[in-house]
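J.: Fold the stuff below for me.
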Amino acid sequence: MASAAHTHQPRAVVVGGGIGGLTAALALQLRGWRVTVLERARELKPVGAGISLAPNAQRALDVVGLGDEIRSLAAWEGDGGLLTPRGRWLSRANPRLATERFGDSLVLLHRATLVDLLAGRLVGDVVRTASDARLTDPGDPSDPARPARVTTPEGELEAELVVGADGIRSAVRGALFPEHPGTAYSGFTTWRVLVPPLDRPFTQHETWGPGHLWGTHPFADGTIYAYAAAMTPAGGRAPDGDEKAELLRRYGSWHDPIPAILDAVRPGQVLRHDVHHIAEPLPAFHRGRVALLGDAAHAMAPTLGQGGNQAVEDAIVLAHHAAPDAPLDLAGYTGVRQPRTTMVARRAMAVSRMNMLGNRPGIALRNTAIRAVGLLGPALLLRGMDGIADWHPPQPHPYAEQVEQV
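T.: Below is the predicted model of the structure:
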């Protein structure tokens, strides 16, 4: 490894053991850093059922040697598309077209699978669970005598770099930018479920109804990941906590296979979360020796499926700007990542306003436009991901060659 050539191995502390934090830990370790991951939970058990990794995230994971393993988990390549609640097609999508345009198709997998793959590549006793970390000093990269400081139940840690990957309610973000308003409610809530394979064929799809959305997608093993969203006041919950009944009330009359999926949902296994986002961009993604990534830096609506993808990108770019034998370049990290993630977040909110329309005249105009674009060619519908899915990680990757040696 590169670290063997250095008399001093710099230390990085990653606060948060989610997808972004573990990707950063792996990338930094391969870069030559001594890494410690502090995870508040008692185990690396991610919240959320599934994650869709777009070509941009797959290329980012190539840098740490995981891209091809992720691609091998792709589900079947059947056609899918966009439907109305009654089952009428608005547009059809062929994964082959996405591959031709962006180099890869989407890979849907369980978040826990990705966490296990990332954690399994880390060398040594890196992850500390049940460790509630608190940033006490961001440090000063211009002063070698002033490292960043993080307090944990086990004591204080000093580090040349701290990565705030502690999610949407990031305490690290609050410590760096106490005047920032934080997150805002996006106007809708989401539900997510996993059910066993159905005994009937179905087409992966997303369905848009008035103020509502539903998506059905398979994992490679046939397990079905389904998600739903609805415009609703913040803080709502189903009567008696029965979220399955709430889903049946809202989506039970929609087209097949939605009713069959809801029938297969076991009570108590529905995840419901209000969607919050950072509406006002942070002044920077760093301060001192501390860098923010993922939801801590740019929480966004899930309507483009890019939240986790952007966190993976962040991690790879951060490691690129953190050469252990050169000055820490967190300003360069902010300069690269902030414009891009702001663009993606704004586009995600624009899409959410379109697919969650509630007024019928607007829905009719939207659906007519989608059908018209589809008639001109399915590839036109992929243009919405131009500038996002076609991203490539920074070059060169001096640490990519180390992957096979670890």
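
J.: If you count neighbours, what's buried in the longest helix along the chain?
T.: Ordering each helix of the chain by length in residues (DSSP state H) puts helix 330-355 first. Using 16 or more other C-beta atoms under 10 Å as the test for burial, helix 330-355 gives 330, 332-334, 336-338, 340-341, 344-345, 347-349, 352, 355. From N, CA and C alone the C-beta is placed, and that goes for glycine too.

J.: Same check on stretch 97-108?
T.: Quick answer for stretch 97-108 (16+ other C-beta under 10 Å): 98, 101-102, 104-108.

J.: Could you check how far the longest helix of the chain is from the centre of its chain?
T.: Relative to its parent chain, helix 330-355 has a centroid offset of 13 Å by C-alpha atoms, centre = their mean, to the nearest Å.

J.: how about TSV for the buried residues of stretch 97-108, with secondary structure and distance to Gly308 added?
T.: Below are the buried residues of stretch 97-108 laid out as TSV (DSSP: H, G, I helix; E, B strand; the rest coil; distance: C-beta to C-beta, whole Å):
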residue	secondary structure	distance to Gly308
Ala98	helix	18
Arg101	helix	21
Phe102	helix	17
Asp104	coil	16
Ser105	coil	17
Leu106	coil	12
Val107	strand	12
Leu108	strand	12
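
J.: Need the pLDDT of Pro201.
T.: Model confidence at Pro201, given as pLDDT, is 79.

J.: How many neighbouring residues does it have?
T.: By other C-beta atoms under 10 Å, the residues close to Pro201 number 7.

J.: Poorly predicted segments of the protein, please.
T.: 1-7, 47-48, 76-78, 375-381, 395-406 (pLDDT under 70).

J.: on that earlier part again, buried residues, the helix or strand just after the longest helix of the chain. List them.
T.: Moving toward the C-terminus from helix 330-355, the next helix or strand (DSSP states H and E) is helix 360-376. Of all the residues in helix 360-376, those buried under the rule 16+ other C-beta under 10 Å are 363, 367, 370, 373-374.

J.: between helix 360-376 and helix 330-355, what angle do the directions make?
T.: Between helix 360-376 and helix 330-355, the angle comes out at 110 degrees (axes from the mean of the first three to the mean of the last three C-alpha atoms, to 10 degrees).

J.: Sketch out the helices for the chain, chain order is fine.
T.: 19-31, 55-62, 67-71, 95-102, 111-121, 171-176, 243-251, 258-264, 295-298, 307-320, 330-355, 360-376.

J.: Which one, of those helices, ends up nearest to Tyr185?
T.: Of all the helices of the chain, helix 330-355 sits nearest to Tyr185, with 12.1 Å by C-beta to C-beta.

J.: just to revisit the earlier point, tell me the two of the buried residues of stretch 97-108 that are most distant?
T.: In terms of C-beta to C-beta, the buried residues of stretch 97-108 reach their longest pairwise distance at Arg101 and Leu108, which sit 18.4 Å apart.

J.: Val312 and His286: what is the separation?
T.: Computed as C-beta to C-beta, to the nearest Å, the Val312 to His286 distance reads 18 Å.

J.: er, Leu248 I mean
T.: From Leu248 to His286 the distance is 46 Å (C-beta to C-beta).

J.: Check His205 too.
T.: Counting by C-beta to C-beta, the gap from His205 to His286 is 40 Å.

J.: residue nearest the centroid of this protein?
T.: Gly308 (1.1 Å; C-alpha atoms, centre = their mean).

J.: Who does Val15 form a beta bridge with?
T.: Bridge pairing for Val15 (DSSP bridges) gives the partners Leu38, Gly164.

J.: show me what contacts it?
T.: 21, 38, 133, 135, 150, 162-166, 171-172 (C-beta atoms under 8 Å, 6 or more residues apart in numbering).

J.: Would you mind putting those into JSON lines with distance to Asp386 and neighbour count alongside?
T.: Formatted as JSON lines, the contacts of Val15 follow (distance: C-beta to C-beta, whole Å; neighbours: other C-beta atoms under 10 Å):
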{"residue": "Gly21", "distance to Asp386": "29", "neighbour count": "29"}
{"residue": "Leu38", "distance to Asp386": "38", "neighbour count": "26"}
{"residue": "Ala133", "distance to Asp386": "39", "neighbour count": "25"}
{"residue": "Leu135", "distance to Asp386": "37", "neighbour count": "25"}
{"residue": "Val150", "distance to Asp386": "40", "neighbour count": "25"}
{"residue": "Val162", "distance to Asp386": "35", "neighbour count": "31"}
{"residue": "Val163", "distance to Asp386": "30", "neighbour count": "31"}
{"residue": "Gly164", "distance to Asp386": "30", "neighbour count": "32"}
{"residue": "Ala165", "distance to Asp386": "28", "neighbour count": "33"}
{"residue": "Asp166", "distance to Asp386": "32", "neighbour count": "28"}
{"residue": "Ala171", "distance to Asp386": "36", "neighbour count": "18"}
{"residue": "Val172", "distance to Asp386": "33", "neighbour count": "26"}
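
J.: nearest to Pro281, of the residues you listed?
T.: Gly164 (15.6 Å).

J.: Could you check how far the closest one is from Arg121?
T.: Gly164 is 22 Å from Arg121, where distance means C-beta to C-beta.

J.: Can you list the helices and strands that the lengthiest strand in the chain packs against?
T.: In the chain, with assignment by DSSP state E, the single longest strand is strand 184-195. Strand 184-195 sits against strand 224-231, helix 243-251, helix 258-264, strand 271-277, helix 330-355, with contacts defined as 3 or more C-beta pairs under 8 Å, 6 or more residues apart in numbering; DSSP states H and E.

J.: Kindly recompute the last result at 7 Å.
T.: Strand 184-195 sits against strand 224-231, strand 271-277, with contacts defined as 3 or more C-beta pairs under 7 Å, 6 or more residues apart in numbering; DSSP states H and E.

J.: sorry, back to before: look at His205 and His286 and report which has more neighbours.
T.: His286 (31 against 21).

J.: what pairs with that one across the strands?
T.: Beta-bridge partners for His286, by DSSP bridges, are Ala291.

J.: Make sure it is actually in contact with Leu330.
T.: Yes. With contact defined as C-beta atoms under 7 Å, His286 reaches Leu330; the gap is 3.7 Å.
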